[in-house]
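# attaching a predicted model along with its sequence, questions to come.
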Amino acid sequence: MKRITTSLLALTAVAQAQRDLKEIPSVDPAVEQATFKLSPELEVNLFAQDPLIAKPIQMAWDEKGRLWVASSAIYPHIKPAQEQSDKIVILEDTDHDGKADKSTVFFEGLLIPTGILPADGGAYVANSTELLFMKDTDGDGRADSKEVIMSGFGTEDTHHILHSIKRGHDGCLYFNQSVYIHTHSETPFGVRRLMGSGIWQFRTETKRAEVFAMGHVNPWGHVWDSWGQSFVTDGAYGEGINYSFPGATFICLPNQLPRILRGLNPGQPKHCGLEVISGRHFPAEWQGDLITCDFRGHRVNRFKVSDNASGFSSQQLGDVVTSTHGSFRPIDLQMGPDGALYIADWYNPIIQHGEVDFRDERRDHTHGRIWRLTAKGREPSPRIDFAAQSITDLIALLKAPEQWVRLNAKQELKNRPHDAVIDALKAAFASAGNDTAFLREITWAVQTVADFDLKWPFDASLIDSLLKHDASTKGVAARVLGFVLRDGKGSQALTLTAPLATDPSPRVRLEAVNALRMAGSPAAVEAACRVLDHPMDENIDFALWLTCRQLADTWLPAFQKGEITFGGNITQISFALKAADRPQAVGALLALVAEGKVSGDRVKDVIALVGALGSKDDLQKLLAMAAKAEMRAPIFNALAVAMRQRKTAADGADAFVRPALADPDRATADAAANLAGAYLLPALEDPLLKLGKNGSLNAIRALQAMTGNRASTLLLSLADQSDAPDLRTEILATIAAADPAGAVPPVLKWLPNAPAEAGTRIVDAFIARKDGPSILAAALKDQKIPAAVASAGIQKASSAGGDTKALVEALTIAGGLQPVMALSPDQLSAMMAEVKTSGDPARGELVYRRASQQCQACHAIGAVGGIVGPDLVSIGASAPVDYIIESLLEPSKKIKEGYATTMLSTKDGGIHSGFLVRQDDREVILRDAAGNVESIPANTVAKQESIPVSLMPPGLTATLRRDEFIDLVRFLSELGKDGAYKVQEDGTARRWRSAQPLPDMGRWLSLKGTRGFADAASELTWLPLYSHVDGTLPITDAAPFKAGGRTQAVLQTEIDVTTAGKVGLRLNDAAGLQIFAGNAAITPAAELSLDLPAGRSTITIVVDAAARKTPLKLSTFRPDGSPAAVRPVGGN
């Protein structure tokens, strides 16, 4: 049977292979356009192409109707001795026929400019480390003046540098930086820092720069709806549309906050660029829709957002454009002066950055297109000469339906006499009546021309008037108040803002909490916490948590002095203290817990906080509370954390721990063992041994931590006596992690008869010590172990980092595995051809789903599956086939951004490696290749480094036949392309879990009935399952059991109801199913309608295998007239 084998290819061989693989589509624009499938209401024409422009990155229109384009032929890097030659180009359509006929190079000599905004008589340009303002002073159309407006932006990664400049509704500039960039910028207001990804807000008149929001891996698109609410897309993370607001924080590395917000469309591919449809040219049903680019999948997507509590829900609609052309790479969008939608096409068959050779000759450096989308049969929007308009006319234009017109009218007002503009705006405001949209635009015009604090002192009467209108208008007022409070202007601002925290509208309450955070005072925090008297949602809860956390050093001392009291409201006090995450808050929180004033769902969080921050006196008080049985487990675990992280202990713990080791509640007994190990209580060795015999891993680890001869003897004896392979493996791994040399004899005795999983765990234990790999490698000489054990061990050792080469070789020989052979460039070319001609994606998906390949354990497809590696939802549309092959064979040569391995060396000689999840002053959190999360106390770390090793080990595909490997590659190469392997956002549940049979399932069912499967407290074990890409789940994937003469299986999925109401469930077939929503039985039908509260609901399905043979597919939908918002829960 022919197997796939490989070894590390020489770099020169890879480079040669890349040069030999020329799969480049035709560069003819007509050929590309012929592949476009458009939304039926639209048509397309080519607005501009090379040589007028090449390699467009961002584009923006000026007030004269000219399109400015930042372009880079140098990307992704400048070569040795190469001169900076990237350009800013101005395109003009002088005869208004929808095609550019004039191109002017405004400036040449830039290095990868990634942002452009014409404004203020010149243009703002993002040029690597600097924000520039360039101006043509002599009227020849070319820049002859250049000023550095802001600097200090990092350059760690050329496609994460400063980019995407936008003008906000408030007159500020907004621009982004991405995850690898570290910025330290001197400003007139002090040094501003952003150590990772986020969005900046910049006031050009004052040069004030502030971080507006943080996170996203590569925040790219940023737009505002008509009421100033922000939406963002991420070019390197898959959650579709993201709702953002001041202080909003999304996934960001490496210093991720303990809490983050999530996007509105989990499972979507990565998106760049973003535009909101507005104006007379597009039909009414398109107004307000968000348009973004799936540049990997060669398509332009459309989303409709709707109000959902304080935030929004987002529904994907039909694609605007899709293409099968491999070089169509839409990356930016702009509504034009004529009302058309313009798309910047980067045009490149290669889209990867660091994962593909920078010198790959398939990279296109010369082409680029701008496409123009128009609505069939509709007149273009009227063109406006802004310079020719009077002040009164410009203010009237603030009522225009086109957002672009309103924005430019406000900018033009800046060029007019200031006092006359302010007087005219005041008069317009006074006469606007109940025209809230006009009032909103006038308010933003005031911000644009005066910023409320620059030239025109804060006018409380204007804001007070806004607050008398509807929720959207009050939201605008609250946002303005926040910036007034931040700048310390306006004595009445806090008085106006505080009541908004209890407004009936959740959106207004969210804006109020964010505004009060900007005030930065104890009184503001106290006012913000009143929001807890009203229903909370994810956004408000996050904003309040951030407020209390960021301002803890301000409000906590005031609270301790009695200067603020939160009105004695225990809910507010406990929330604020917990969010503060400061040692000073612990005593007050403990007192509230002791008095029974903290709600049950928050007690465990408070206990954990005491363990992380509490003093010895605090820990002593916490231990005393362990007299209550229900509190013992979390208290013991918290005390263990305090000891391991801070070497702080409570006295007299053994008196509580000894009886708890015999507690019938296993969680309590395990927690007691955890504390015994942390406190090193050798007097408890016997009860720990007894607990260890019953399978408690904490007890085993506690015994090993004792380090005494008797403890080691007890463990070795327990290993010899155990009939449970998992327990025996864990005991030996525990010994090896502490004493590799001492563990060798029992390990060699065990491995010849061990299951495959033992190879992973045992090797993991040895490589956790500096000398462990060499000790195990030497011990394996002349030994024979099962091939499966050796293979599992090799996979672990190969992905761990450090020097494990000798260990990999020793495992290969001991397991009798065949040494791998090199794959030549010719073989790689032949394999690519075979993938295209013989590969079957349907068979390949079955290979991908095999448990032995571990694909689903590490990778998600559409936000469903493992989280160790990148989401593969659009890998086929973005990656050349040779890249996929090499990534499978040699993972460490193709490491996706953000997925490098972090290796920690601890002071006691330990080695820990994995994906860096988060770190702070207390701990470093890593996730290993199996998805397990490990916390390492920060004070024990001796060295931390990022190493060029993928967590995906080599050799995972070595057991596949060649035809199976070919099928797997074909499946991966189809993911994200138009067709059967593009994940649809249609509400389909894709994340399931399967109940594992109990030893006597019949008896269990006779006692509990099938309703027992829906019991959240059930003693059943559940294992994850994931649907096929098309959303179906084969019934045969679920674990079967026999009871009452029937073969059955049980599946569960979760749905997230973000707005309560009537929720619809749609089944492809209801035959052979029993269904429960929560604990309530539901009569099976093809369509179900359920009244569900906000929050997560579990759907349990019991399948009769005899009555059902078809796969299962379940989708959520919102019935007509229902206010509900619902989506399936993804994840791992």
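Good, I have the coordinates. Numbering: from 1, shown residues only.

# just give me the neighbour total for residue 1034.
Per other Cβ atoms under 10 Å, the neighbour tally for residue 1034 reads 15. The way it works is simple: take the backbone N, C-alpha and C, and place the C-beta from them, glycine included.

# pretty sure it sits against residue 1111.
Yes. Using Cβ atoms under 8 Å, residue 1034 is in contact with residue 1111, at 4.9 Å.

# what do these two both touch?
Residues touching both residue 1034 and residue 1111 (Cβ atoms under 8 Å, 6 or more residues apart in numbering) are residue 1028.

# outline the domain layout of this structure.
28-49+271-378, 459-581, 900-950, 991-1128 (automatic domain parsing).

# now do the longest one: distance to the chain's middle.
Between the mean C-alpha point of domain 991-1128 and the mean C-alpha point of its chain there is a distance of 28 Å (Cα atoms, centre = their mean, to the nearest Å).

# next one: stretch 108-121
Mean-position distance between stretch 108-121 and its chain equals 29 Å (Cα atoms, centre = their mean).

# just the C-alpha atoms of that stretch, please, in PDB.
Provided in PDB are the C-alpha atoms of stretch 108-121 (Å, rounded to 0.1, in the frame of the first residue of the first chain):
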ATOM      1  CA  GLU A 108       6.100  58.800  -6.200                       C
ATOM      2  CA  GLY A 109       8.700  57.500  -3.800                       C
ATOM      3  CA  LEU A 110       6.700  55.900  -0.900                       C
ATOM      4  CA  LEU A 111       7.300  52.600   0.800                       C
ATOM      5  CA  ILE A 112       4.100  50.500   0.800                       C
ATOM      6  CA  PRO A 113       1.500  53.300   1.400                       C
ATOM      7  CA  THR A 114      -1.500  51.600   2.900                       C
ATOM      8  CA  GLY A 115      -3.800  54.600   3.500                       C
ATOM      9  CA  ILE A 116      -5.000  57.700   1.600                       C
ATOM     10  CA  LEU A 117      -7.500  60.400   2.400                       C
ATOM     11  CA  PRO A 118      -7.600  63.700   0.300                       C
ATOM     12  CA  ALA A 119      -8.600  66.500   2.600                       C
ATOM     13  CA  ASP A 120      -7.700  69.900   3.900                       C
ATOM     14  CA  GLY A 121      -6.200  71.000   0.600                       C
END
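
# and residue 205, how far is that from residue 188?
Distance, residue 205 to residue 188, using Cβ to Cβ, to the nearest Å: 11 Å.

# between those two, which has more neighbouring residues?
When residue 205 and residue 188 are compared for neighbours, residue 205 comes out ahead with 15 against 8, by other Cβ under 10 Å.

# so the more buried one, which state does it fall into?
Under DSSP: H, G, I helix; E, B strand; the rest coil, residue 205 falls in the coil class.

# look up how far residue 601 lies from it.
According to Cβ to Cβ, residue 205 and residue 601 sit 48 Å apart.

# kindly report the same for residue 33.
57 Å.

# who's more crowded, those two?
residue 33 (16 against 7).

# tell me what the longest strand anywhere in the chain is packed against?
When the chain is parsed with DSSP state E, its longest strand is strand 1046-1059. Applying 3 or more Cβ pairs under 8 Å, 6 or more residues apart in numbering; DSSP states H and E, one finds that strand 1046-1059 makes contact with strand 991-995, strand 1041-1043, strand 1095-1104, strand 1125-1128.

# in the shortest one, what's buried?
Under the neighbour-count criterion of 16 or more other Cβ atoms under 10 Å, strand 1041-1043 has 1041, 1043 buried.

# what helices and strands are in contact with that strand?
Checking 3+ Cβ pairs under 8 Å, 6+ apart, strand 1041-1043 ends up next to helix 1001-1008, strand 1046-1059.

# what residues are up against residue 116?
Per Cβ under 8 Å, 6+ apart, neighbours of residue 116: 58-60, 68-70, 88, 123-126, 165.

# give me the PyMOL select line for these, limited to the buried ones.
Buried residues among the contacts of residue 116 (16+ other Cβ under 10 Å), as a PyMOL selection:
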select buried, resi 58+59+60+68+69+70+88+123+124+125+126+165
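
# I would like the residues contacting stretch 670-683, please.
In contact with stretch 670-683 (Cβ under 8 Å, 6+ apart) are residues 632-637, 639-640, 643-644, 649, 653-654, 656-657, 660-661, 663, 684, 688, 691, 696-699, 701-706, 708, 710-711.

# export that stretch to PDB, keeping only CA atoms.
Taking C-alpha atoms only, stretch 670-683 is exported to PDB below (Å, rounded to 0.1, in the frame of the first residue of the first chain):
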ATOM      1  CA  ASP A 670     -10.300  16.800  43.600                       C
ATOM      2  CA  ALA A 671     -10.000  20.400  44.800                       C
ATOM      3  CA  ALA A 672      -8.800  19.200  48.200                       C
ATOM      4  CA  ALA A 673      -6.100  17.100  46.500                       C
ATOM      5  CA  ASN A 674      -5.100  20.200  44.400                       C
ATOM      6  CA  LEU A 675      -4.600  22.200  47.600                       C
ATOM      7  CA  ALA A 676      -2.800  19.300  49.300                       C
ATOM      8  CA  GLY A 677      -0.300  19.300  46.400                       C
ATOM      9  CA  ALA A 678       0.100  23.100  46.400                       C
ATOM     10  CA  TYR A 679       0.700  23.200  50.200                       C
ATOM     11  CA  LEU A 680       2.800  20.000  50.300                       C
ATOM     12  CA  LEU A 681       1.000  18.100  53.100                       C
ATOM     13  CA  PRO A 682       2.800  14.800  53.400                       C
ATOM     14  CA  ALA A 683       0.600  13.700  56.300                       C
END
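
# quick one: mean pLDDT over that stretch.
Here stretch 670-683 scores 94 as its mean pLDDT.

# buried residues in stretch 680-699?
681, 684-685, 687-689, 691-692, 696-699.

# kindly report the same for stretch 534-550.
536-537, 539-549.

# now for these: which two are most distant?
Greatest spacing in these, by Cβ to Cβ: 537 and 549 (18.3 Å).

# residue 945: what's it in contact with?
Here residue 945 is in contact with 902-903 (Cβ under 8 Å, 6+ apart).

# helices of the stretch 101-250 of the chain, residue ranges please.
Taking DSSP state H, counting those that start in this stretch, the stretch 101-250 of the chain contains no helices at all.

# over to the stretch 401-550 of the chain?
For the stretch 401-550 of the chain, helices defined by DSSP H, counting those that start in this stretch occupy the ranges 403-413, 418-431, 436-450, 460-466, 471-486, 493-497, 506-519, 522-528, 538-550.

# export those helices to TSV and tack on mean pLDDT and distance to residue 180?
Below are the helices of the stretch 401-550 of the chain laid out as TSV (pLDDT from 0 to 100; distance: least, Cβ to Cβ, whole Å):
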stretch	mean pLDDT	distance to residue 180
helix 403-413	98	31
helix 418-431	93	42
helix 436-450	94	33
helix 460-466	85	40
helix 471-486	93	29
helix 493-497	92	37
helix 506-519	97	28
helix 522-528	97	34
helix 538-550	97	24
